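A.B. asks: From the sequence below, what's the structure:
(one chain, ligands or ions: 1)
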Amino acid sequence: MEATSIRATTTRVCVTNSTALKFKQNYLSFRKSVLSGSPMDTKSISPNSIRAQQSTATMAETDYKNELKIKEWEVGKFQDELAASQGIKIRRRPPTGPPLNYVGPFEFRLANEDDNTPRDILEEILWNKDKEVALLKERMPLATLKKELENAPPVRDFLGALRKSHLRTGLPALIAEVKKASPSRGVLRKDFDPVKIAQAYEKGGAACLSVLTDEKYFQGSLENLEKIRNAGVQCPLLCKEFIIDAWQIYYALTKGADAVLLIAAVLPDLDIQYLTKICKTLGLAALVEVHDEKEMDRVLGIEGIELVGINNRNLGTFEVDISNTRHLLEGERGEVIHQKDIIVVGESGLFTPSDIAYVQNAGVKAVLVGESIVKQDDPGKGISGLFGKDISP
Ligand SMILES: O=P(O)(O)OC[C@@H](O)[C@@H](O)c1c[nH]c2ccccc12
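C.D. replies: Numbering: from 1, shown residues only. Sure thing, here's the model as predicted:
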């Protein structure tokens, strides 16, 4: 509440600042005259007054740019507030503090040094991702990317593959993860050959595959996903990425993804809504990941969600607890999920047949497993070990 009223004051200060307005008007008429090619009445003006007008115009332009900076900062602040109101602790980018010439309330003018350190690993990953995506977008704007879509391989039915496998085996369908390393576990497999691992998973009975594509923290890549797709692996592929921008979805599609991950701890409701809509129009499945009750309730309140992942690992602290899956499916939440016919995926920390039985009893129809199978000499045999029996087709 307090933050909102502070904002209201802030906006008022900016809007009623008459000097800024005057400069803006000056700037606009300056720009208009330049654009129309007939700058002011130059015949009757002495060189001195032309110089004076030019310097006023330059000042106006600078001031207008500053004003835009302030607005940009305000929008960022507002986005963080909106996310926080939905319980999202993650800030999308490091707080820059207001521009130097900001005239708003005192408390906003104090830049806090500590604020520029990420609060946990998830926040660090996101700040990094923000820069990474900005660079990629510069190199390949959306318009160019959309042209590339014409050559993208056809999207395959991720949800259908999960349903079919569950029907076939009577066990949760397996989304097997091609994962080289993670910030919590370090390198899981030194002799990492993504295509070989993917083929072994497929042979071992996986319904779908998840390919980690983050480079910096998971040593993955979209090229791995592309290679797996081009090698003729039939299992639909989930692009396991920290998605913060629609651009990444289009990009994943050009590389052969059939599904993408959307993390509720990172994305406000409107973003989830918007990004799932984009997925639908492109024919991609969206796996929306939650970790706690609040995130689950938010996601259940959004129309059109078909696939929800419950992560047993807290991405900020790395703590793993598989009873989280049971906990989030108890009572009313479980009923809503059933009514909406949502497929739930139990994610992370699953190692044994009894772990699989535990999450199946809790109500999941699919599981997402990385470490326990990727570490085995033969990851395909790792699948039989995980389920306690051979589930190959
Ligand atoms: O290796 P595990 O414990 O079996 O976990 C796999 C998968 O659930 C995990 O990699 C994961 C779940 N959600 C994520 C989000 C980003 C990166 C990784 C993940």
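
A.B. asks: E295: what's it in contact with?
C.D. replies: Applying C-beta atoms under 8 Å, 6 or more residues apart in numbering to E295 gives the contacts G87, A264, A265. Glycine gets a C-beta too; all of them are placed from N, C-alpha and C.

A.B. asks: Apart from its chain neighbours, what residue comes closest to the second one?
C.D. replies: Just to be clear, that refers to A264. In space, and not counting its chain neighbours, A264 is closest to E295: 4.0 Å by C-beta to C-beta, 6 or more residues apart in numbering.

A.B. asks: what about the residue positioned nearest the centre of the chain, which SS state?
C.D. replies: Closest to where the C-alpha atoms of the chain average out (C-alpha atoms, centre = their mean) is I243, at 2.3 Å. I243 carries the three-state label coil when classified by DSSP: H, G, I helix; E, B strand; the rest coil.

A.B. asks: That one and V374: what is the separation?
C.D. replies: Distance check for I243 against V374: by C-beta to C-beta, to the nearest Å, it reads 22 Å.

A.B. asks: element containing the residue in the stretch 101-250 of the chain positioned nearest to the ligand, please.
C.D. replies: Nearest residue of the stretch 101-250 of the chain to the ligand (C-beta to the nearest ligand atom) works out as E177 at 5.0 Å. According to DSSP states H and E, E177 maps onto strand 173-178.

A.B. asks: Likewise for E67?
C.D. replies: Using DSSP H and E, E67 falls in helix 47-85.

A.B. asks: Please identify the buried residues of that helix?
C.D. replies: Residues of helix 47-85 classed as buried: 53, 57, 60, 63-64, 66-67, 69-70, 73-74, 76-77, 80, 83 (neighbour count, 16 or more other C-beta atoms under 10 Å).

A.B. asks: Pick the one among the residues you listed closest to R93.
C.D. replies: Closest approach between those and R93, by C-beta to C-beta: G76, at 7.3 Å.

A.B. asks: if I look at that closest one, how far off is the ligand?
C.D. replies: 24 Å (C-beta to the nearest ligand atom, to the nearest Å).

A.B. asks: And the pLDDT at that residue?
C.D. replies: Among the per-residue scores, G76 holds a pLDDT of 77.

A.B. asks: can you check D63 too?
C.D. replies: Listed pLDDT for D63 reads 79.

A.B. asks: Pull up the gap between it and the ligand, please.
C.D. replies: 44 Å.

A.B. asks: Please apply the same query to V75.
C.D. replies: Distance of V75 to the ligand, computed by C-beta to the nearest ligand atom: 27 Å.

A.B. asks: From R92, how far off is that residue?
C.D. replies: Remark: distance between V75 and R92 (C-beta to C-beta) = 12 Å.

A.B. asks: Ok, E347 next?
C.D. replies: 23 Å.

A.B. asks: any chance you could map the strands in the chain?
C.D. replies: Ranges of strands in the chain, per DSSP state E, are 173-178, 181-182, 186-187, 208-212, 237-240, 259-263, 285-290, 307-311, 343-347, 366-369.

A.B. asks: How about the residues of the stretch 151-300 of the chain by the ligand?
C.D. replies: Residues of the stretch 151-300 of the chain lying near the ligand by C-beta under 6 Å from any ligand atom: E177, K179, K240, E289.

A.B. asks: Only whichever of those residues are buried, select them in ChimeraX.
C.D. replies: In ChimeraX syntax, the buried subset of these is picked out as below (16+ other C-beta under 10 Å):
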select :177,179,240,289
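
A.B. asks: now, the most widely separated pair of the residues of the stretch 151-300 of the chain next to the ligand?
C.D. replies: Longest span within those, C-beta to C-beta: K179 and E289, 15.3 Å.

A.B. asks: For the ligand, what's its nearest residue on this structure.
C.D. replies: G370 (2.9 Å).

A.B. asks: That residue contacts I175, doesn't it?
C.D. replies: No: with contact defined as C-beta atoms under 8 Å, G370 does not count as touching I175 (9.5 Å).

A.B. asks: Can you work out which residues contact both of the two?
C.D. replies: Residues touching both G370 and I175 (C-beta under 8 Å, 6+ apart): S210.

A.B. asks: Give me the buried positions along stretch 194-206.
C.D. replies: Neighbour-count burial for stretch 194-206 [16+ other C-beta under 10 Å]: P194, V195, I197, A198, Q199, A200, Y201, E202, G204, G205, A206.

A.B. asks: isn't the third one right up against V374?
C.D. replies: Yes: at 6.5 Å, I197 and V374 qualify as touching, with contact defined as C-beta under 8 Å.

A.B. asks: and for the two, which residues touch both?
C.D. replies: Shared contacts of I197 and V374, counting by C-beta under 8 Å, 6+ apart, come down to V178, R189.

A.B. asks: tell me the domain boundaries of the protein?
C.D. replies: According to the TED database, the chain is divided into the following domains: 69-117, 143-387.

A.B. asks: Quote the end-to-end distance of the last one.
C.D. replies: Chord length of domain 143-387, first to last residue, is 45 Å (C-alpha to C-alpha, to the nearest Å).

A.B. asks: Let me see the confidence value for the spatially closest residue to E123 that is not a sequence neighbour.
C.D. replies: The shortest distance from E123 to any non-neighbouring residue, by C-beta to C-beta, 6+ apart, is to I90 (5.3 Å). For I90, the pLDDT comes out at 80.

A.B. asks: Let the chain start at 310 from now.
C.D. replies: In the new numbering, first residue 310, that becomes I399.

A.B. asks: check contacts around I399.
C.D. replies: Contacts for I399 (C-beta under 8 Å, 6+ apart) come out as A392, L431, E432, L435, A574, V575.

A.B. asks: Would you write a PyMOL line that selects the buried entries of those residues?
C.D. replies: With 16+ other C-beta under 10 Å as the burial test, the buried ones among these are selected in PyMOL as follows:
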select buried, resi 392+431+432+435+574+575
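
A.B. asks: Alright, calling it a day.
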